[in-house]
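Undergrad: take a look and give me a structure for this.
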Amino acid sequence: MPALHPTHSRFAGFPAFARPAVLAIVAILIAACGSSATSRPATPPDATGSLVPALTATPPPSASAPPAFPVTLTDDEGTAVELKAEPNKIVSLTPAETEVLYAIDAGDRLVGKVEDIANYPPAAAKIPVVGGFSGGSFSIDIEKIVQLKTDLVIAGGSGGTPQDAIDKLRSLHVPVLVLYAADVAGVLADIELTGQATGQSAEAAALTARMQTGFDTVTAAVSSTTKPKVFYETGDQPSIYGIADHSVYAQMIGLAGGTAVTTGSASNWEMPTEKLIAANPDLIILGDSNYGVTAADVAKRPGWAGLAAVKAGAIKPIDDIVVTRPGPRLLDGLRLLVAAIHPEIALPSPAPSGG
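TA: Numbering: from 1, shown residues only. Sure thing, here's the model as predicted:
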């Protein structure tokens with residue numbers, strides 16, 4: 001099956017990444033490009049899903065009192081969004097936000113969602129789909145959203161949701177809150193902003209507190225370990241793709257106690273074979289394993305037999321969606337990375353993240 005060429009971006013690298021696939025958000029934020037588990041992106045997702053710099057780059061959000069409606073909130077693009085009353089009919093245009101809404105006990109107010117190949121959480125299966133990929137492009141059903149009498153749309157920034165759809169909804173007086181986290185701390189802040197927008201501030205603050213504690217616990221556990229060189233593969237068609245500098249992947253690998261082997265560019269995800277051979281990674285993680293790539297495939301590639309990771313058989317699959325989706329399960333993704341990079345470390349069981 002040919003790879004689906006993504007036309008939508010985020011998971012989610014966050015800054016506009018000079019997008020290799022111009023808008024590939026469906027992989028980080030939207031957490032996965034493609035319409036099925038057997039197709040994989042022709043190019044890696046752009047920055048809409050990355051959580052950049054370090055977790056400490058931005059102070060963690062602090063709990064805030066629930067807003068009294070009406071309220072005006074400022075979204076991640078600097079737009080003032082007025083909510084005249086607590087929203088009862090919400091549409092989520094990123095899979096991450098769908099997860100957030102369920103995790104803060106606002107899932108029962110969802111009347112529409114964007115397509116999610118991960119189908120998570122299971123409770124969201126009954127929610128009507130109002131946006132997704134069709135014919136190689138990403139589209140939003142504006143008419144359906146309006147017919148649902150939606151009183152809040154939560155969209156993805158930096159291409160996560162097509163700008164024309166955001167503009168059209170706002171022209172029809174539908175409030176649209178655009179979220180686009182730049183790093184892990186930004187993800188926590190966006191969860192709290194979602195809590196404010198839905199009147200679930202206490203639930204959101206409790207969730208982010210648990211997540212922050214979990215991140216602190218994990219980073220402390222790996223702080224004194226060796227930092228093996230890790231190549232995280234995000235695609236193999238038509239070229240080999242790794243991770244860009246300052247992407248969510250690079251940040252998460254660092255937090256998990258590894259040294260990320262990156263492409264040397266914040267905008268180019270294609271990994272030249274010569275550069276990879278020179279870096280000689282100790283471990284190769286297959287973020288594209290859900291799309292059929294196996295360790296055996298990697299070991300057979302011309303020029304790869306001499307890599308330390310290949311010689312040692314250190315080629316491991318991973319659930320890329322959990323690692324890069326900027327929502328309640330991001331901590332679970334970090335723990336998956338630690339298990340791949342430092343299997344000798346036994347992490348304490350995490351507190352439930354909700355969802």
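
Undergrad: I'd assumed residue 148 was in contact with residue 89.
TA: Yes - using C-beta atoms under 8 Å, residue 89 is in contact with residue 148, at 6.1 Å. From N, CA and C alone the C-beta is placed, and that goes for glycine too.

Undergrad: who touches both of these two?
TA: Common neighbours of residue 89 and residue 148 (criterion: C-beta atoms under 8 Å, 6 or more residues apart in numbering): residue 111.

Undergrad: now do the contacts for the residue nearest to residue 286 when sequence neighbours are not counted.
TA: Residue nearest to residue 286 in three dimensions, not counting chain neighbours: residue 317, with 4.8 Å by C-beta to C-beta, 6 or more residues apart in numbering. By C-beta under 8 Å, 6+ apart, the residues touching residue 317 are 285, 286, 289, 290, 294, 295.

Undergrad: same check, this time on residue 338
TA: So residue 338 contacts 218, 221, 222, 256, 257, 345, 347 (C-beta under 8 Å, 6+ apart).

Undergrad: ok, the first one to residue 105 distance?
TA: From residue 218 across to residue 105, the span is 26 Å (C-beta to C-beta, to the nearest Å).

Undergrad: ok, these two, which is more surrounded?
TA: residue 218 (23 against 16; other C-beta atoms under 10 Å).

Undergrad: that one contacts residue 331, correct?
TA: Yes - in this structure, residue 218 is within contact of residue 331 by C-beta under 8 Å, at 7.5 Å.

Undergrad: can you name the residues bridging to residue 91?
TA: Beta-bridge partners recorded for residue 91 (DSSP bridges): residue 112, residue 153.

Undergrad: surely residue 332 meets residue 349?
TA: No - the criterion here is C-beta under 8 Å, and residue 332 misses it with residue 349 at 11.7 Å.

Undergrad: which of the two has more neighbours?
TA: More neighbours surround residue 332 than the other of residue 332 and residue 349, with 17 against 7 (other C-beta under 10 Å).

Undergrad: that one should be in a strand, yeah?
TA: No - using DSSP: H, G, I helix; E, B strand; the rest coil, the secondary structure at residue 332 is helix, not a strand.

Undergrad: domain ranges for this structure?
TA: 71-217, 223-341 (automatic domain parsing).

Undergrad: just the strands in the stretch 101-250 of the chain please.
TA: 110-114, 129-134, 137-140, 152-156, 176-179, 229-233 (DSSP state E, counting those that start in this stretch).

Undergrad: tell me the most buried of the ones you listed?
TA: Mean neighbour count (mean count of other C-beta atoms under 10 Å) peaks for strand 152-156 among the strands of the stretch 101-250 of the chain, with a mean of 28.

Undergrad: and the spatially closest residue to residue 249 that is not a sequence neighbour, what does it touch?
TA: Distances taken as C-beta to C-beta, 6+ apart place residue 243 nearest to residue 249, at 3.9 Å, with adjacent residues excluded. Contacts for residue 243 (C-beta under 8 Å, 6+ apart) come out as 44, 232, 234, 249, 250, 253, 260, 261, 262, 263, 269.

Undergrad: pLDDT score for the second one?
TA: Predicted confidence (pLDDT) for residue 232: 97.
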